[in-house]
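>>> give me the fold of what follows.
(one chain, ligands or ions: 1)
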Amino acid sequence: MEREEFCWAYFQMAPSGLIYETDPWKDLKAHVHDIGKTHLRELMNDVERCQSMMTDFDGILLDYSRQCATLDTLKKLHTLAEAAHLKEKINRMFNGERINSTENRSVLHMALRAPRDAVINGDGKNVVPDVWKVLDKIKDFSEAIRSGAWVGATGKALKDVIAIGIGGSFLGPLFVHSALQTDPEATEFARGRQLRFLANVDPIDVARNIAGLNPETTLVVVVSKTFTTAETMLNARTLREWIAAALGPQAVSKHMIAVSTNLTLVEKFGIDPNNAFAFWDWVGGRYSVCSAVGVLPLSLQYGFSVVEKFLKGAWSIDQHFRSAPFEKNLPVLLGLLSVWNVSFLGYPARAILPYSQALEKFAPHIQQACLFTVFVVSMESNGKGVSIDGVPLPYETGEIDFGEPGTNGQHSFYQLIHQGRVIPCDFIGVVKSQQPVYLKGETVSNHDELMSNFFAQPDALAYGKTPEQLLKEDVPHHLITHKTFSGNRPSLSLLLPSLNAYNIGQLLGIYEHRIAVEGFVWGINSFDQWGVELGKSLATQVRKQFHASRKKGEPIKGFNFSTTTLLTRYLEVWKTSSFLTALCQIKGLKSVLPLCLRDI
Ligand SMILES: O=P(O)(O)OC[C@H]1O[C@H](O)[C@H](O)[C@@H](O)[C@@H]1O
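Okay, here's the model as predicted:
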């Protein structure tokens, strides 16, 4: 059944209770027409409006004056927030109620960064002491590894870490790691150490991760909330084999540790339970970077003191989100504007454009799309087709998130943003570079050069360039339409004072809560992810077929014509490559690709 038919059939049966039936929603729908009559060029001339569309928290400046919105729009959005019971929903989240109703879980990732003396209840129990028990354990353990008090099986210090995990057990820690990599304080603490991430089940990712590493000096951290994720577990078995083959099976306990909510499976895998770091089912995978998922690998690399600052930054936003009035509340404003752009103006995508190479993995974390097709924080949270009560939605939720650091993106997809489709953009800039360079004889510093673009792009999008302007510049007639920029393209700018561990934590908190705000207004459950299950179960069927065909020569059965044809081709080619592999082994290539060849 088509989605529209499904919705129609449903609404014949019962009133939906959805936000779109409320007056504030209808009011905003009607208001779209008024906004259509204005252009950002005019809106930007209204200084009072622009002043009201800026807000500051803890050194972070949010300027949303380049949204296609007036002060009236904002008022209407705040009324919508009331109709959606946004305040109550935020309170319910902080109070530890089981707002993730389809999984019967609380949503308390804020407790992961709470100070020791905070009280945050989940099921009537303060969860903060448990959080700090694990944090203290991470602190001790990471210090033991970093100081060389804990050594590997052959007595050598463990200076390299491979963190195995996927989705939420990978992208958050990767984002923070890449943001800290060039922070002067963090760099100092990371001297002589390496942190790598193994996520994809593609054996190429294994080969890349172990390249140049010695098992004797490597610690492997298996990160998996469930400890059942197929990719992670196969990669964990592969690296267990890598360690055992080099150092003997008894070395595994010295070289492998784990982060999980499922400590029974950790032990079954052969990891010493004393070397397992727990977290809890009230932490969603994509919201888990502040748990041992991120804190352990990052503390091993940068030391606990640096990671603690990151946690403090995220906590500062938690406090702000919970207590600041909505008119000055960064995540609330960002969330409401996203709802405006998606549900009313009809812009389905959002570009996240940090003008800092250190934030290169920020967009992938928020979209969680980079190498894989799972878009975790935003797209896994808000890409839903039904309300939290299971009512089919007659409106779209979630955004198609993507992004690249500026200025790189300017030389690739910005063309489409300027003259093609309208894509609301988040420009993220930093006042003070992590790595300032000012060359003698240059007009500006390298960071100023970068930031000139950060300040210019939002205006280019908002104002555009008219045919009249082009004619005045003597542009040939046949190029006028090509060189015209319609403008009126919304963006917002977030300016951070610097990019240290604390600010990185703040940035994370802002985006995490913004996504929750959107979900709360749309009336969906942003904390479950049933949509990832179907593909996984179909892959199980394919895996079984591979086993049956390869080991027992069984024919392909149970698939449609298309998949059968593809599988047939794949299995035929595989037979040939097995032969080539054998040839390589004879010729001594085994030493180059030891794992891949053994596995084949
Ligand atoms: O941490 P794990 O249990 O291994 O799960 C890893 C990932 O698996 C799935 O793809 C989920 O949709 C993600 O939210 C999760 O982060």
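>>> please enumerate the helices of the stretch 351-500 of the chain.
362-367, 381-382, 414-419, 446-463, 467-472, 480-483 (DSSP state H, counting those that start in this stretch).
>>> no, scratch that, I was asking about the stretch 101-250 of the chain
Under DSSP H, counting those that start in this stretch, the stretch 101-250 of the chain gives helices at 128-147, 171-180, 184-190, 203-210, 230-247.
>>> by contact count, what packs against the shortest one?
In this case it means helix 184-190. When contacts are defined as 3 or more C-beta pairs under 8 Å, 6 or more residues apart in numbering; DSSP states H and E, helix 184-190 packs onto helix 292-302, helix 304-323. Where you see a C-beta, it was placed from the backbone N, CA and C, and this is true even at glycine.
>>> the ligand is nearest to which of those?
helix 292-302 (7.4 Å; C-beta to the nearest ligand atom).
>>> chain center to the closest one: distance?
17 Å (C-alpha atoms, centre = their mean, to the nearest Å).
>>> contacts for that helix, please.
With C-beta atoms under 8 Å, 6 or more residues apart in numbering as the test, helix 292-302 has contacts from 134-135, 138-139, 141-142, 145-146, 161, 163, 165, 168-169, 172-173, 176-177, 180, 186, 189-190, 193-195, 219, 221, 223, 225, 257, 259, 277-279, 288, 304, 306-307, 310-311, 501.
>>> of those residues, buried ones?
The neighbour-count test (16 or more other C-beta atoms under 10 Å) marks 134-135, 138-139, 141-142, 145-146, 161, 163, 165, 168-169, 172-173, 176-177, 180, 186, 189-190, 193, 195, 219, 221, 223, 225, 257, 259, 277-279, 288, 304, 306-307, 310-311, 501 as buried among these.
>>> can you list the weak-confidence ranges in the chain?
For the chain, residues meeting the criterion pLDDT under 70 lie at 1-16, 368-376, 573-600.
>>> stretch 295-312 near the ligand anywhere?
No. Using C-beta under 6 Å from any ligand atom, stretch 295-312 stays clear of the ligand, with a minimum separation of 13.4 Å.
>>> so F277 belongs to a strand, correct?
Yes. Counting by DSSP: H, G, I helix; E, B strand; the rest coil, F277 is found in a strand.
>>> chain neighbours aside, what residue packs nearest to it?
Excluding the flanking residues, the one nearest F277 by C-beta to C-beta, 6 or more residues apart in numbering is A292, at 3.7 Å.
>>> what does this protein put close to the ligand?
166-169, 224-226, 229, 232, 285-286, 374, 376, 380, 529, 532.
>>> pick the most buried one from the helices of the stretch 101-250 of the chain.
The highest average neighbour count among the helices of the stretch 101-250 of the chain, using mean count of other C-beta atoms under 10 Å, belongs to helix 171-180 at a mean of 26.
>>> send me it as PDB with only the CA atoms.
Output of helix 171-180 as PDB, limited to C-alpha atoms (Å, rounded to 0.1, in the frame of the first residue of the first chain):
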ATOM      1  CA  LEU A 171      31.000   7.800  14.400                       C
ATOM      2  CA  GLY A 172      30.800   9.800  17.600                       C
ATOM      3  CA  PRO A 173      34.200   8.700  18.900                       C
ATOM      4  CA  LEU A 174      35.700   9.200  15.400                       C
ATOM      5  CA  PHE A 175      34.200  12.800  15.200                       C
ATOM      6  CA  VAL A 176      35.700  13.700  18.600                       C
ATOM      7  CA  HIS A 177      39.000  12.100  17.800                       C
ATOM      8  CA  SER A 178      39.400  13.900  14.600                       C
ATOM      9  CA  ALA A 179      38.400  17.200  16.300                       C
ATOM     10  CA  LEU A 180      40.900  16.700  19.100                       C
END
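>>> show me what it is packed up against.
Against helix 171-180 (3+ C-beta pairs under 8 Å, 6+ apart) you get strand 194-198, helix 292-302, helix 304-323, helix 362-367, helix 501-522.
>>> now the first one against helix 171-180, angle please.
Orientation of strand 194-198 against helix 171-180 (axes from the mean of the first three to the mean of the last three C-alpha atoms, to 10 degrees) gives an angle of 150 degrees.
>>> parallel or antiparallel, list what pairs with strand 194-198.
strand 160-164 (parallel) (DSSP bridges).
>>> okay, the residue positioned nearest the centre of the chain and G167: tell me how far apart.
Within the chain, the residue whose C-alpha comes closest to the C-alpha centroid is H365; the distance, by C-alpha atoms, centre = their mean, is 2.1 Å. For H365, the distance to G167 (C-beta to C-beta, to the nearest Å) stands at 11 Å.
>>> just P203 next, same as before
For P203 relative to G167 (C-beta to C-beta), the value is 19 Å.
>>> and the residue lying farthest from the centre of the chain, what does it touch?
Most distant from the centre of the chain: D474, at 46.2 Å, with distances by C-alpha atoms, centre = their mean. Counting by C-beta under 8 Å, 6+ apart, D474 makes contact with nothing.
>>> same check, this time on I400
Residues counted as contacts of I400 (C-beta under 8 Å, 6+ apart) are P348, A349, R350, M379.
>>> wait, which of the residues you listed is closest to I120?
Relative to I120, the closest of the contacts of I400 is M379; by C-beta to C-beta it sits at 27.4 Å.
>>> that older thread, comparing the helices and strands packed on helix 184-190, which comes out most buried?
helix 292-302 (a mean of 28).
>>> so how many other residues sit close to A30?
Using other C-beta atoms under 10 Å, the number of residues around A30 comes to 11.
>>> what packs against the helix or strand hosting it?
According to DSSP states H and E, A30 maps onto helix 23-36. Under the contact criterion of 3+ C-beta pairs under 8 Å, 6+ apart, helix 23-36 touches helix 71-83.
>>> buried set for the helix or strand that comes right after the helix it packs on?
Per DSSP H and E, the first helix or strand lying C-terminal to helix 71-83 is helix 86-94. Buried positions in helix 86-94, judged by neighbour count with 16+ other C-beta under 10 Å: L86, K89, I90, R92, M93, F94.
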